[in-house]
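Asks: build me a model from this:
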Amino acid sequence: MLSTSSASETRRPTTHRMLLSREELRNEDLQAILPALELNYSTIAVVKENMKLLCERSEVYREIVNKIMSEFQENEIYFLTESDVRNIAKKCLKSSAEVNEFIMQLRKMAYSYRYNKIGNKADEMPRDILLARGYYKTEDKGKSGMV
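Replies: Down below sits the predicted model:
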């Protein structure tokens with residue numbers, strides 16, 4: 001994962017986030033990590049209807065969303081922190097990669113803020129997901145194929 005920033009003469013910052021990979025990614029795997037390539041904010045703002053749509057993906061996602069909705073005051077928009085979502089998802093999913101995938105799916109349905117921050121978690125999550133899906137396994141040197 002690579003993040004760059006620059007400022008033009010008008011001093012407006014420009015930020016790009018990209019993933020460089022030595023292996024070609026299948027479209028379904030790219031879709032799973034795509035939200036990490038967007039600039040994220042620590043608060044995840046998602047409307048109730050999108051939470052219900054997330055329930056339709058699987059029974060375990062339904063269980064997580066129901067726990068989230070029961071632990072937070074019911075609103076048309078839920079304002080969640082990633083750590084709260086992670087802690088709830090950990091109780092239902094087996095691996096950190098599955099938890100990260102759930103967070104990516106939730107972020108895909110969330111609103112974006114105007115002001116964002118760039119942190120290490122955004123870089124680690126797609127890597128963990130791709131490793132769990134079998135990418136970048138080198139038997140001889142143990143090096144990751146991500147740049």
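Asks: shaky segments in the chain?
Replies: Per-residue confidence of the chain (counting by pLDDT under 70) places the weak regions at 1-16, 39-40, 112-120, 122, 138-147.
Asks: all helices for it, in order.
Replies: Counting by DSSP state H, the chain has helices at residues 27-37, 48-55, 59-71, 82-90, 96-108, 120-132.
Asks: rebuild these as CSV, extending it with mean neighbour count.
Replies: No exception for glycine: its C-beta is placed from N, CA and C like everyone else's. Listed next are the helices of the chain as CSV, based on neighbours: other Cβ atoms under 10 Å:
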stretch, mean neighbour count
helix 27-37, 16
helix 48-55, 16
helix 59-71, 16
helix 82-90, 17
helix 96-108, 20
helix 120-132, 18
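Asks: in a markdown table, list these along with distance to Met18.
Replies: Below are the helices of the chain laid out as a markdown table (distance: least, Cβ to Cβ, whole Å):
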| stretch | distance to Met18 |
| --- | --- |
| helix 27-37 | 7 |
| helix 48-55 | 26 |
| helix 59-71 | 28 |
| helix 82-90 | 22 |
| helix 96-108 | 16 |
| helix 120-132 | 11 |
